[in-house]
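**Student:** need coordinates for the below:
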Amino acid sequence: MKKTVQSVDEMLQFGKTLGALLHGGEVIELIGDVGAGKTTFTKGLAAGLRVVGDVQSPTFTISRIYPARDNLELAHYDFYRLHHPGVLKIEIEQTVHDAGMITVIEWGDIIEGVLPEERMRITLSAPSKTVREIDIETHGARLHELVQGLN
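**Tutor:** Model (predicted):
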């Protein structure tokens, strides 16, 4: 699925719409250059999961966990500064297989070997200062069906 958003507000709304469709156990890999909208998308996703409080980029902390609706949790990772998962490999392996967790991983290509086969890969690009192009690939029937709800 491909989508174009014209503003930060549209990116937040897109994330919020997807977040409202999630049930737990989903893994979302975010790919894109610095400034492409990965954290903005995640903030919208968190709004759709009814996360309370400010969602921040975990660039320096590597990970953040937020309580969400229906006893779910949002795990947000950012591997920008790393070249391999290191000691976080065990944590990520557990997190991505937790049915009560929605896992979002920025710069997920760095930990490709740790991610489950069934996941959503969202590639973001910035053709202009405000426009963002979104390309969603799903791996797994459940995620493919879920993304159809975005249309």
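**Student:** ok, G37 touching R132?
**Tutor:** Yes. With contact defined as Cβ atoms under 8 Å, G37 counts as touching R132 (4.7 Å). In this view, the C-beta of every residue, glycine as well, is placed from N, C-alpha and C.
**Student:** shared neighbours, the two?
**Tutor:** Common contact partners of G37 and R132 (Cβ atoms under 8 Å, 6 or more residues apart in numbering): V5, M11, L124, A126.
**Student:** just the buried residues of those.
**Tutor:** Among those, those that count as buried by neighbour count (16 or more other Cβ atoms under 10 Å) are V5, M11, L124.
**Student:** let's have those in JSON lines, adding secondary structure.
**Tutor:** Output for these, formatted as JSON lines (DSSP: H, G, I helix; E, B strand; the rest coil):
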{"residue": "V5", "secondary structure": "strand"}
{"residue": "M11", "secondary structure": "helix"}
{"residue": "L124", "secondary structure": "strand"}
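**Student:** check which element follows the worst-scoring helix or strand of the chain on mean pLDDT along the chain.
**Tutor:** One helix or strand of the chain scores below all others by mean pLDDT, DSSP states H and E: helix 88-95, with a mean of 75. Downstream of helix 88-95, the first helix or strand assigned by DSSP states H and E is strand 101-106.
**Student:** cheers, nothing more for now.
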